[in-house]
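J.: One predicted model, sequence on top.
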Amino acid sequence: MSQFHVLRIGHRPERDKRITTHVALTSRAFGASRMYLSKPDSRVVTTIDEVVAKFGGNFEIEPLSNPRKFAKNWEGQIVHLTMFGLPLEDFEDKLRKEQSPILFIVGAEKVPPWTFEYADYNISIGNQPHSEVSALAISLSRLNENYVDQKFGGPLQVIPSGDHRKMIDTSR
Ligand code: SAM
C-alpha cells in the first residue's frame, strides 16, 4: 500500500459521478492506493474496478458512512486541499520527508468546518477556485515525484508514441 490516500467528501451521486470518478483515476495514476468516498456510489466503484482490471495496480475505493469520524481517527497526516489554504510550496519539502500515511481531503461543494479543524495542513494550489482533480494532481505529482515510474502490471500497457495510439494486451 502506498503512503498516499484520498478522502473525497461531499459527493452528490446525482451530479458528481464523473468528477468523483476523475478524482479516483487521478489518485490512482499519481500514486495513491485508496480513495475513501463519503457516500456510496457503485457506479464509480464499477468504473474504477474496470480500469484496475485492465491497467493494473492495487487501487481501491472504500465507501464511508462517517467521513468526519474517519478523518478524526486518521493515524498519519491530513492535508486538506482548499483554495483558502497556505501555499503548497511552503510545505512540500516537509511533506516529502513525512513517513506516516498522508490523507488528502478534497471537497465537491463548500466543505464542513471539521475539514479545516482536523487537517494538519490546509493547503492551496494558488488561491483561485479551480477543481479537486487539478488540486490533487498537482499535489500528488509534487510529493510523489516517482509517480511516472510506477509499475501497474495490468494486462493493458501503453507503449508511448509520439504519433499514434499504441497499446499491448499481455493477456492474449
Ligand atoms: N468555493 C468552494 C469551497 O468552498 O471550497 C470550492 C469548491 S471546489 C469546486 C471543490 C474542491 O476543489 C475543493 O473542496 C478543494 O478540495 C478543491 N480546490 C479548488 N480550488 C482549489 C485551490 N485553489 N487549491 C486547492 N484546492 C482547491
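T.: Perfect, I can see it now. Numbers count the residues shown, from 1 in each chain.
J.: Helices along this protein, start to end?
T.: Under the criterion DSSP state H, the chain contains helices at 13-29, 42-55, 67-72, 92-97, 114-118, 132-143.
J.: And for Val158, nearest residue in space, chain neighbours not counted?
T.: Met167 (5.4 Å; C-beta to C-beta, 6 or more residues apart in numbering). From N, CA and C alone the C-beta is placed, and that goes for glycine too.
J.: what do you get for Pro155?
T.: Ser171 (3.8 Å).
J.: Can you verify my assumption that Arg28 contacts Asp49?
T.: No. Using C-beta atoms under 8 Å, Arg28 is not in contact with Asp49; the gap is 11.2 Å.
J.: Please compare these two by neighbour count and tell me which comes out ahead.
T.: Arg28 (26 against 14; other C-beta atoms under 10 Å).
J.: wait, what's in contact with that one?
T.: 35, 48, 51-52, 57, 59 (C-beta atoms under 8 Å, 6 or more residues apart in numbering).
J.: Now for those, which sits with the most neighbours around it?
T.: Met35 (27 neighbours).
J.: Run through the residues of the protein sitting next to the ligand.
T.: 81-83, 106-108, 110-111, 124-132, 135 (C-beta under 6 Å from any ligand atom).
J.: just to revisit the earlier point, can I get the contacts of Arg28 in a markdown table including pLDDT and distance to Arg68?
T.: What follows is the contacts of Arg28, written out as a markdown table (pLDDT from 0 to 100; distance: C-beta to C-beta, whole Å):
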| residue | pLDDT | distance to Arg68 |
| --- | --- | --- |
| Met35 | 98 | 17 |
| Ile48 | 98 | 24 |
| Val51 | 98 | 29 |
| Val52 | 98 | 28 |
| Gly57 | 95 | 29 |
| Phe59 | 97 | 24 |
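J.: From those residues, pick the one nearest the ligand.
T.: Proximity of the contacts of Arg28 to the ligand (C-beta to the nearest ligand atom) peaks at Met35, which lies at 13.3 Å.
J.: For the closest one, give the beta-bridge partners.
T.: Legend: beta-bridge partners of Met35 under DSSP bridges are Val6, Ile61.
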